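>>> pasted the sequence and its predicted model underneath.
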Amino acid sequence: MPTADILPTHTPALFHSAVLQAAQLLRSGRIAAIPSETVYGLAANAFSPEAVAAIYRAKGRPPGNPLIVHVATAAMARECASEWPVLAERLAGHFWPGPLTLVVPRSSRIPDIVAAGGRTVGLRWPSHAFFQSVIKECGFPLAAPSANPSDQLSPTTAEHVIAGLGERIPLIVDAGACAVGIESTVVDVTGHHPRVLRPGIISAEQIAEAAGVSVNGSGSHGEGPLRSPGQLSRHYSPKARLEVWSWQDDEALAAMLERQAFAPERIFVLAHSRVPRDLPLAQISFIPDDPEAFARALYGYLHDCDHRGAALVVIESLPPGSAWDGVRDRLQRAAAPAVQRPQ
């Protein structure tokens, strides 16, 4: 049974009460799971190394994986940055509040533990009304990765948080399902051209248009500490084995499945165009051929597969185009082989 308090927000009075209770807990140096438009976050005072350390402990998060700092005003963002590049101003003006994180040089207010020892910090101004209200009530920015055990599926409902962290954290605020459904796009703006470190629902083309300059190649920025979360090879992973396949018809998919050592009643298939009709599997699901709808539904679908005891989840290969890069990135990392840790 979960030990966390669960606070609803579905009336104005409950919303206000939850804001006050969450802010009181965060001001005391503790942690709380709160909703955003992307996924639920596990929040702590970003200026307190001790509070942030509780996030790492609760998640079992590797210390080299930095956290994103969430703000609710432009002045708060600049307080977290030692410099505010022109690119940051352009992109923040275009996409904030929203699912965009900007990597900038960090100020002395940001502890080493937040930045994993690096010289930069990722900043985001979330558009979710509850997250904004809590930050304003606290009066300080909040460090907040996804509210789930490290490397596992990100939560898009309070129920997902309860299942993963309900016995490890004191408070979970329930504001329903997240509107975006995958983590924010992360863009490094410390150079002359923006670099996408983690794709999201905001595409590289949108970034380039708003920035007025071309986007450099995606991925990590050279050697040294990570500048962004979401860059580990395996991440966002369900308990089941996940495969991303293409198939022409039911016969082709059946032949591919026959080569797998899984019982049909534990195989789940998610398609967007070539939906199997007559295969005897546990579940065959359909998500429209639309990147925003797919992103919104993806984690919820994978959580359901885990809950129902799936052994194999097969997802149809995504269409081409940068609009799908965020979902494609999550699937690639979720399907990556587990790293064998030395005994």
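Happy to help now that I have it.
>>> going by C-alpha atoms from here, please, whenever you check contacts or count neighbours.
Noted.
>>> show the pLDDT at the spatially most central residue of the chain.
Nearest to the mean C-alpha position of the chain, counting by CA atoms, centre = their mean, stands residue 183 at 3.0 Å. According to the predicted model, the pLDDT of residue 183 comes to 96.
>>> wait, is it part of a helix?
No. Assignment of residue 183 by DSSP: H, G, I helix; E, B strand; the rest coil gives coil, placing it outside any helix.
>>> use 878 as the first number for this chain going forward.
Right, with 878 as the first residue, what we last looked at is residue 1060.
>>> dump the residue contacts of the closest residue to it other than its chain neighbours.
Counting by CA to CA, 6 or more residues apart in numbering, the nearest residue to residue 1060 once its immediate chain neighbours are dropped is residue 915, at 5.2 Å. With contacts defined as CA atoms under 8 Å, 6 or more residues apart in numbering, the neighbours of residue 915 are 976, 1033, 1055-1061.
>>> at 6 Å what do you get?
For residue 915, the set of contacting residues under the criterion of CA atoms under 6 Å, 6 or more residues apart in numbering consists of 1055, 1057-1060.
>>> next: residue 1202.
Counting by CA under 6 Å, 6+ apart, residue 1202 touches residue 1076.
>>> what helix or strand is it on?
Residue 1202 is part of helix 1202-1212, with elements assigned from DSSP states H and E.
>>> what mean pLDDT does that helix have?
Averaging pLDDT residue by residue across helix 1202-1212 gives 92.
>>> could you do stretch 984-1001 as well?
With pLDDT averaged residue by residue, stretch 984-1001 scores 97.
>>> list the contacts of that stretch.
Judged by CA under 6 Å, 6+ apart, the contacts made with stretch 984-1001 from elsewhere in the structure are 924, 926, 941, 943-947, 957-959, 978-983, 1102.
>>> residue contacts, residue 1190?
Taking CA under 6 Å, 6+ apart, we find residue 1190 in contact with 1119, 1144-1146.
>>> can you pull the pLDDT of it?
The confidence metric pLDDT takes the value 96 at residue 1190.
>>> surely it forms part of a strand?
Yes. Counting by three-state DSSP, residue 1190 falls inside a strand.
>>> low-confidence ranges in the stretch 978-1127 of the chain?
Counting by pLDDT under 70, the ranges of the stretch 978-1127 of the chain that qualify are 1095-1101, 1107-1112.
>>> excluding chain neighbours, what is closest to residue 1071?
Here the nearest residue to residue 1071 in space, its sequence neighbours aside, is residue 1092; by CA to CA, 6+ apart that works out to 5.1 Å.
>>> do you know how far that neighbour is from residue 1118?
The span separating residue 1092 from residue 1118 equals 34 Å under the rule CA to CA, to the nearest Å.
>>> try residue 1142
14 Å.
>>> residue 985 now?
If you measure residue 985 against residue 1118 using CA to CA, the figure is 43 Å.
>>> higher neighbour count, those two?
Using other CA atoms under 10 Å, the more surrounded residue of residue 985 and residue 1118 is residue 1118, with 17 against 13.
>>> in the sheet, who's paired with the more buried one?
Using DSSP bridges, the beta-bridge partners of residue 1118 come out as residue 1189.
>>> isn't the residue nearest to residue 1071 right up against residue 1069?
No. Applying CA atoms under 6 Å, one finds residue 1092 not in contact with residue 1069, separated by 9.5 Å.
>>> of those two, who's got more company?
Using other CA under 10 Å as the criterion, residue 1092 and residue 1069 rank with residue 1092 on top: 19 against 14.
>>> mind listing what the more buried one touches?
Residue 1092 makes contact with 1070-1072, 1085, according to CA under 6 Å, 6+ apart.
>>> one more time with 8 Å
With CA under 8 Å, 6+ apart as the criterion, the residues that contact residue 1092 are 1070-1073, 1081-1082, 1084-1085.
>>> identify the farthest-apart pair in those.
With distances taken as CA to CA, the most widely separated pair in the contacts of residue 1092 is 1070 and 1082, at 12.9 Å.
>>> list the beta-bridge partners for residue 1161.
Residues in a beta bridge with residue 1161, per DSSP bridges, are residue 1146.
>>> can I assume it is in contact with residue 1143?
No. Between residue 1161 and residue 1143 there is no contact under CA atoms under 8 Å: 11.4 Å.
>>> dihedrals phi and psi, residue 882?
Note on residue 882: its backbone torsions stand at phi -70, psi 140 [degrees, to the nearest 10].
>>> that one bridge partners, please.
Counting by DSSP bridges, residue 882 forms beta bridges with residue 1048.
>>> which among the contacts of residue 915 count as buried?
Buried residues within the contacts of residue 915, counting neighbours by 16 or more other CA atoms under 10 Å: 1055, 1057-1060.
>>> picking up where we left off before, from the chain's centroid, how far away is the helix holding residue 1202?
Here the centre of helix 1202-1212 is set off from its chain's centre by 11 Å, with CA atoms, centre = their mean, to the nearest Å.
>>> ok now do residue 961, which residues does it touch?
955, 981-982.
>>> any chance of TSV for those residues, columns distance to residue 1045?
Shown next, in TSV, are the contacts of residue 961 (distance: CA to CA, whole Å):
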residue	distance to residue 1045
955	33
981	32
982	33
